[in-house]
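In: Predicted model and sequence below, questions to follow.
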Amino acid sequence: MARPETEGEYVHGWPDRARSRALISTDAEGRTIYARSPLLELQGLVTPTDATYVVAQLNMCDPIFPDDYTFRISGLVDKPCDLSLRELQMLPSRTVRCVMECAGDDGEYFLWQQGKVKKPSRLARQQGEGGWNQMGGKDRAPEIEDILNAIPTTCLVSGGEWTGVPLRSVLEMVGIKDGVESVYIKGHDTGRPDPTAQYLSTGRTDIDVVDPGVIHYDKALPLEKALDPDTLLVWAHNGEYLRHVHGAPLRLIVPGWSGNWSVKWIQEISLLPSTPACYYQTHYFVLADTPESPERRPCMELGCKSVILNPIDEDSPLRQGDHLIAGLAWSGRGAVTAVDISFDDGATWKPAHLEQHADRWLWRRWTFAWRNAMPGRHRIISRASDEAGRVQPQTRPNFQNKHFDGFAPVEVEVL
Ligand SMILES: Nc1nc2c(c(=O)[nH]1)N[C@H]1C(S)=C(S)[C@@H](COP(=O)(O)O)O[C@H]1N2
Ligand SMILES: [Mo]
């Protein structure tokens, strides 16, 4: 069987199972610059911090000492000021459990639908190496085949518990003036965007990639989403203080919207009467049919999506009999309300059992008892529906292949 070994290290002096860890890419100094979540191994709803994915578009900044940390909040506010972590912790806190998914997660399934790559294997992808930010720094553009084959885009999704204060409370404390359109949030990290990220996501090297030079990571969040009580400034993750790679001492969490909105290492917040053309919402993390399309808009809320994590293609052949079909489902518009399974390419659907819980932004586990599976080849697809009435898939193909929420069929043979 293709699945990894379950035997792990000794823990507390006792032999233990193998514990889930993210697949990590490091820089020359051995520091993490990218990590993918072992989706097939995840149990429960909250991804252990060691197994949570990590994405940094630019260079990771130096660690920031939390006791010295302040950030500036200014712009269209009554009382511009510098705030420390301690001052934030005096405000009524809030904890939100949510899925965080990179806009590019599973982007290679779009490329597979277009026949540009072979069907991605979640198993091979969670065991493989490499991130796009390890191919950069070359004088010439790499060959597109090298990029597409070398760089996985799956496993960039995790469930987490985030503790902090609603951004709204902080904005109300400093006083929001009239005429605010966006809340500008700037990270401490700087760098020159790597064009490899654009080559990988578009599957092309012949596109014009804008070079903004060295920039800070920044985003301009629409005021309405900034005022959502679940949009948080957080200092804690999964029951402990935030780690550096996840944006310590303070980061933003924007439940329902793709990960790129959740700015790490916050340096500055400014309330603005307009929406500035931040690189990561104007040139990258955009949705449009083609690079030339005038209808280009930033990636915002995620679609509606389910993934099958058991069985996987590599489990084939299966014995005739009973098998468990299981996976996860999430949506950018709140709770998933149903997951259905089809064995006939969507002609008919059967309801899966959906675990219930009260965290609307968090994924749900689902199972389907596949009784007396008969010999032959089977193609299984799953479909999620959400509380807003949306049904998978929601996101149309787009040139940067973001927000994939299409069908990723599992193909198995029963003997
Ligand atoms: N300051 C800063 N914030 C950032 C990024 C970044 O490069 N710099 N990457 C974004 C992207 S693309 C994603 S998917 C998430 C990943 O968060 P994580 O590394 O904690 O999983 O952080 C977002 N916030
Ligand atoms: Mo991302």
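Out: Done, it's in. Numbering: from 1, shown residues only. Ligands and ions are numbered 1, 2, ... in the order given.
In: Show me the domain layout of the chain.
Out: Following automatic domain parsing, one gets these domains for the chain: 1-300, 304-414.
In: So which of those is nearest ligand 1?
Out: Closest to ligand 1 of those is domain 1-300 (Cβ to the nearest ligand atom; 2.6 Å). Any C-beta I mention is one placed from the backbone N, CA and C, and that applies to glycine too.
In: All the strands of the stretch 251-400 of the chain, in order from the start?
Out: Secondary structure of the stretch 251-400 of the chain by DSSP state E, counting those that start in this stretch: the strands cover 251-253, 266-272, 286-287, 297-298, 304-310, 321-331, 336-342, 350-351, 353-354, 364-373, 376-386.
In: hang on, residue 393 packs against residue 405?
Out: Yes: in this structure, residue 393 is within contact of residue 405 by Cβ atoms under 8 Å, at 4.9 Å.
In: quick one, which of those two is more surrounded?
Out: Remark: of residue 393 and residue 405, residue 405 carries more neighbours, 24 against 17, as counted by other Cβ atoms under 10 Å.
In: residues in contact with the helix or strand where residue 10 lies?
Out: Assigned by DSSP states H and E, residue 10 belongs to strand 7-11. Residues from elsewhere that reach strand 7-11 (Cβ atoms under 8 Å, 6 or more residues apart in numbering): 15, 16, 17, 18, 19.
In: Give the residues shared as contacts by residue 393 and residue 405.
Out: 303, 304, 305.
In: give the contact list for the nearest residue to residue 239 once chain neighbours are set aside.
Out: Excluding its sequence neighbours, the residue lying closest to residue 239 (Cβ to Cβ, 6 or more residues apart in numbering) is residue 161, at 6.8 Å. Residue 161 is in contact with 46, 95, 96, 97, 237, 238, 239, counting by Cβ under 8 Å, 6+ apart.
In: I'd like the average pLDDT over the strand or helix carrying the second one.
Out: Counting by DSSP H and E, the element that carries residue 95 is strand 94-101. With pLDDT averaged residue by residue, strand 94-101 scores 98.
In: if we can go back for a sec, just put the strands of the stretch 251-400 of the chain in TSV and tack on mean neighbour count and distance to ligand 2.
Out: TSV is the format used below for the strands of the stretch 251-400 of the chain (neighbours: other Cβ atoms under 10 Å; distance: least, Cβ to the ion, whole Å):
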stretch	mean neighbour count	distance to ligand 2
strand 251-253	24	13
strand 266-272	20	17
strand 286-287	19	13
strand 297-298	16	13
strand 304-310	24	15
strand 321-331	20	15
strand 336-342	21	21
strand 350-351	11	32
strand 353-354	16	27
strand 364-373	17	22
strand 376-386	19	21
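In: Turn the ones you listed into TSV, including mean pLDDT.
Out: Below are those laid out as TSV (pLDDT from 0 to 100):
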stretch	mean pLDDT
strand 251-253	98
strand 266-272	98
strand 286-287	97
strand 297-298	97
strand 304-310	98
strand 321-331	98
strand 336-342	98
strand 350-351	98
strand 353-354	98
strand 364-373	98
strand 376-386	98
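In: Which among those strands is found nearest to residue 192?
Out: strand 266-272 (18.0 Å; Cβ to Cβ).
In: and the closest one, how far from the chain's centre?
Out: In terms of Cα atoms, centre = their mean, to the nearest Å, the centre of strand 266-272 is found 23 Å from the chain centre.
In: And for stretch 200-207?
Out: With Cα atoms, centre = their mean as the basis, the mean position of stretch 200-207 lies at 21 Å from the chain mean.
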